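Asker: Got a sequence here, can you build the structure:
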Amino acid sequence: MMFINPKTDYAFKKIFGSSQSKDILISFLNAIIYEGNSIIADLEIINPHLPPQIEGLKDTYLDVRAKLRDGSIVIIEMQVLNVESFGKRVLYNAAKTYAFQLEAGEGYRMLKPVIALTLTDFEIFKGSARLISQFIYKEEETNLPYTDNNIKLIFVELPKFTKELNELETITDKWIYFIKYAKTLTDVPETMDRIPEIHKAFEIANKINLTREEIEEIDRREMFIYDQQGAILKAATEAKEEGIREKAIAIAQQLLAHLDDATISQTTGLSMEEIQNLRSSCEAQQQS
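Answerer: Next up, the predicted model:
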């Protein structure tokens, strides 16, 4: 068997947001949000596109959006690339979804809670070891929850999930393992196959059940992601190298009055030509 990568937006929507995915999404949300407890009994998968109702606001494109039986809305996004201002975008989407529930003439009492669930293929909260982090409004000093805590942000940081297949214990473990590793598997692990919703998710993710057009679209999305990851890594590497070079130049400038060019070159890693240019530049500044 070969499975598509659930971490790409197209595949994630295919598995969790299609018309046949209702039971899959219920199981997944109960596992991630409610630690495997069957809190969500029913939901409706709705159009993830949230067009602007106010001039000047941007459209919102989410991976999956669902309305629960009690009217609460869950918006879900799988994010592979750590793009600029990503945290602000998550909050913006949640606030926009919350505000735009109201139709003309409706009062604030009609507003229902919004849960923004975001899965990331990178670490956001580097100072925390928590795999799943949940945020609500609280009083800064006493941690007293806000009266109407109707917006909750939940993050799942996939790099922090390190369990092996034989270590999976809960349904939460199994769903996260599916998201992170499905693409690398060649069959459905027995311990995961026993859960009907995960079995069904693997069936949807099985490439043999997809059209050629779907596979080509998924491959294009993956290639785009790989290209973007490569560009981000290259930029970060270049910035790091530039930072190291700037430090080396600063050290060399301090050593010019005390050491010869060859020793400074060996100490800082700069070339002899760079040291000579620094010395000439420094002497020119002194003379002027």
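Asker: all helices of this protein, in order?
Answerer: Applying DSSP state H to the chain gives helices spanning 9-16, 22-33, 86-99, 171-181, 190-193, 196-205, 212-255, 261-268, 272-287.
Asker: do you know which of the ones you listed lies nearest residue 39?
Answerer: Smallest distance to residue 39 across the helices of the chain (CB to CB): 6.0 Å, for helix 22-33. Just so you know, the C-beta spots here come from the backbone N, C-alpha and C atoms, and that holds for glycine as well.
Asker: how much does that closest one deviate in direction from helix 196-205?
Answerer: Helix 22-33 and helix 196-205 meet at an angle of 120 degrees, taking axes from the mean of the first three to the mean of the last three CA atoms, to 10 degrees as the criterion.
Asker: Could you name the helices and strands sitting against helix 22-33?
Answerer: helix 9-16, strand 43-46, strand 64-68, strand 114-120, strand 151-157, helix 171-181, helix 196-205 (3 or more CB pairs under 8 Å, 6 or more residues apart in numbering; DSSP states H and E).
Asker: 7 Å - rerun?
Answerer: helix 9-16, strand 43-46, strand 114-120, helix 171-181, helix 196-205 (3 or more CB pairs under 7 Å, 6 or more residues apart in numbering; DSSP states H and E).
Asker: Tell me which residues of that helix come out buried.
Answerer: 22, 24-33 (16 or more other CB atoms under 10 Å).
Asker: chain center to that helix: distance?
Answerer: Relative to its parent chain, helix 22-33 has a centroid offset of 19 Å by CA atoms, centre = their mean, to the nearest Å.
Asker: burial of residue 101, as a residue count?
Answerer: A count of nearby residues for residue 101, using other CB atoms under 10 Å, gives 14.
Asker: Now it. Its backbone dihedrals?
Answerer: Dihedral pair for residue 101: phi -70, psi -30, per degrees, to the nearest 10.
Asker: So it is in contact with residue 114, correct?
Answerer: No. Counting by CB atoms under 7 Å, residue 101 sits too far from residue 114 to count as a contact (8.1 Å).
Asker: Can you convert the helices of the chain into CSV and add a column each for mean pLDDT?
Answerer: Converted to CSV, the helices of the chain look like this (pLDDT from 0 to 100):
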stretch, mean pLDDT
helix 9-16, 92
helix 22-33, 97
helix 86-99, 91
helix 171-181, 97
helix 190-193, 94
helix 196-205, 96
helix 212-255, 80
helix 261-268, 82
helix 272-287, 86
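Asker: These: which one's closest to residue 1?
Answerer: Here helix 196-205 is closest among those (CB to CB), at 8.0 Å.
Asker: Bridged to residue 115, which residues?
Answerer: Beta-bridge partners recorded for residue 115 (DSSP bridges): residue 74, residue 152.
Asker: same deal with the one 5 residues further on?
Answerer: With DSSP bridges as the criterion, residue 120 is bridged to residue 79, residue 157.
Asker: quick one: contacts for residue 73?
Answerer: 65, 67, 97, 112, 114 (CB atoms under 7 Å, 6 or more residues apart in numbering).
Asker: excluding its backbone neighbours, what's nearest it?
Answerer: In space, and not counting its chain neighbours, residue 73 is closest to residue 114: 5.0 Å by CB to CB, 6 or more residues apart in numbering.
Asker: What separation is there between that neighbour and residue 86?
Answerer: Counting by CB to CB, to the nearest Å, the separation of residue 114 from residue 86 is 18 Å.
Asker: Count the residues that sit near the residue nearest to residue 73.
Answerer: 21.
Asker: who's in contact with it?
Answerer: By CB under 7 Å, 6+ apart, residue 114 lies in contact with 73, 75, 94, 97-98, 150-151.
Asker: Buried only: go through those for me.
Answerer: 73, 75, 94, 97-98, 151.
Asker: Tell me which residues touch the spatially most central residue of the chain, please.
Answerer: By CA atoms, centre = their mean, the chain has its centre lying nearest to residue 120, at 2.3 Å. Contacts here follow CB under 7 Å, 6+ apart; on that basis residue 120 touches 79, 155, 157-158.
Asker: so which one among those has the lowest pLDDT?
Answerer: In terms of pLDDT, residue 79 ranks lowest among the contacts of residue 120, with 91.
Asker: you'd agree that residue is up against residue 116?
Answerer: No. Using CB under 7 Å as the test, residue 79 is too far from residue 116 to be in contact (11.7 Å).
Asker: mind putting the buried residues of helix 22-33 in CSV, distance to residue 40 included?
Answerer: Shown next, in CSV, are these (distance: CB to CB, whole Å):
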residue, distance to residue 40
22, 11
24, 12
25, 9
26, 5
27, 9
28, 10
29, 5
30, 5
31, 10
32, 11
33, 8
